[in-house]
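1. Attaching a predicted model along with its sequence, questions to come.
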Amino acid sequence: MEGSDTMEKVKIYIDGQEGTTGLKIVERFNGRDDIELLRIDEDKRKDPDERKKFINASDFTFLCLPDAASIEAVSMVENPNVRIIDASTAHRTNPQWAYGFPELSREFRNKIKNSKRVAVPGCYASGFNSIVYPLVKEGIFAPYQYVTSYAVSGYSGAGKKGIAQYEDENRAKEFDAPRMYALAQNHKHLKEMQAISGLSYPPMFNPMVCDYYAGMIVAVPIVRRTLAKRTSIKEIHEVLKNHYKGEHFVKVMSLGGEEELPNGFMTANALEGTNNMQIFVSGNDEQILICSRLDNLGKGASGAAVQCLNIMMGIDEKTGLE
């Protein structure tokens with residue numbers, strides 16, 4: 001909206017701004033003069049009446065909360081003009097909400113732009129869906145394809161409590177080594193990994209948290225003989241390149257990563273602090289490995305949230321993310 005000389009600022013409230021994602025969103029707003037950040041008093045940030053007041057006074061509210069608290073916050077909305085961007089797991093598979101991964105397709109981007117309710121993807125799910133969604137869409141994976149995935153992540157994804165454990169100078173020795181978890185195949189991102197990718201069944205997913213702060217790699221191995229459309233590694237690489245052609249934040253790297261990984265090692269924290277995602281295709285025609293690399297706090301959380309805000313505001317989606 002235009003004023004006489006300046007653009008009217010957009011009012012933004014972050015419910016849960018003291019958490020890891022909330023703090024990163026605030027950090028990404030530094031230097032922006034097009035928004036007004038509404039700040040709740042520290043001693044009232046858990047007061048339902050005060051939260052409700054701030055939510056309904058905003059143009060956009062970010063929810064950086066546990067699932068139950070996010071659902072509660074949505075129920076507080078009385079102002080029909082308030083638009084919600086939820087970073088929790090609560091609404092990611094709700095068809096009434098837009099899924100905040102605009103690069104997946106034109107339909108995803110348009111739904112984000114026009115919606116009043118947007119769910120920010122999970123970090124692991126972002127990496128997984130960046131690979132599997134295009135392969136299902138192009139018929140290389142049938143919906144019933146048996147898919148496995150493994151991933152490594154920095155410890156910042158564990159939240160404040162997990163970060164404190166890793167950064168404690170007296171921590172237990174177990175924190176020195178990579179730690180697998182969700183061994184019962186019950187990771188909270190599985191539901192959206194299946195729903196958004198178009199798979200009929202959840203993948204077998206094996207994540208691990210490691211002793212570095214931020215960044216992740218999500219890998220999907222492919223055995224050619226299991227594919228619905230038996231195609232070559234070069235053809236799969238081209239499918240992914242064409243799918244993300246023209247995208248700023250998601251890039252498909254050279255086949256085999258020879259240009260970007262001259263020593264043959266892929267470092268999980270290489271994109272820390274960015275909103276970028278890189279997709280690597282390597283292997284051979286019979287055994288293909290596709291990896292998605294991103295910052296779990298960037299394209300996997302706060303960066304994706306701010307990118308969705310920019311799209312919803314109708315401005316350059318790179319604003320504040322470079």
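-> Ah, there it is.
2. Mind splitting this structure into its structural domains?
-> The chain is divided into the following domains under automatic domain parsing: 10-120+301-313, 123-296.
3. Figure out which of those is closest to Leu321.
-> Nearest to Leu321 among the domains of the chain is domain 123-296 (4.4 Å), distances taken as CB to CB. Every C-beta, even on glycine, is put in place using the N, C-alpha and C of the backbone.
4. for that closest one, how far is the first residue from the last?
-> End-to-end distance for domain 123-296: 5 Å, by CA to CA, to the nearest Å.
5. so how far is that domain off the chain centroid?
-> The chain centre lies 12 Å from the centre of domain 123-296; the measure is CA atoms, centre = their mean, to the nearest Å.
6. do the same with stretch 304-322
-> Put simply, stretch 304-322 sits 14 Å off its chain's centre (CA atoms, centre = their mean).
7. cool, stretch 121-140 as well?
-> Relative to its chain's centre, stretch 121-140 lies at 12 Å (CA atoms, centre = their mean).
8. So which elements touch the helix or strand harbouring Ile163?
-> Assigned by DSSP states H and E, Ile163 belongs to helix 159-167. On a contact count with 3 or more CB pairs under 8 Å, 6 or more residues apart in numbering; DSSP states H and E, helix 159-167 meets helix 20-28.
9. Mind doing that once more with 10 Å?
-> Counting contacts by 3 or more CB pairs under 10 Å, 6 or more residues apart in numbering; DSSP states H and E, helix 159-167 packs against helix 20-28, strand 204-210.
10. Now do it: everything it contacts.
-> With contact meaning CB atoms under 10 Å, 6 or more residues apart in numbering, helix 159-167 is reached by 18-21, 23, 66, 154-158, 171-172, 174-176, 209-213.
11. Dump that helix to CSV, restricted to CA.
-> The C-alpha trace of helix 159-167 is given here as CSV (Å, rounded to 0.1, in the frame of the first residue of the first chain):
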residue,chain,number,x,y,z
GLY,A,159,16.3,-27.0,19.5
LYS,A,160,17.5,-25.1,22.6
LYS,A,161,17.7,-28.1,24.8
GLY,A,162,19.7,-30.1,22.3
ILE,A,163,22.0,-27.2,21.5
ALA,A,164,22.7,-26.8,25.2
GLN,A,165,23.6,-30.5,25.4
TYR,A,166,26.0,-30.3,22.5
GLU,A,167,27.6,-27.1,23.7
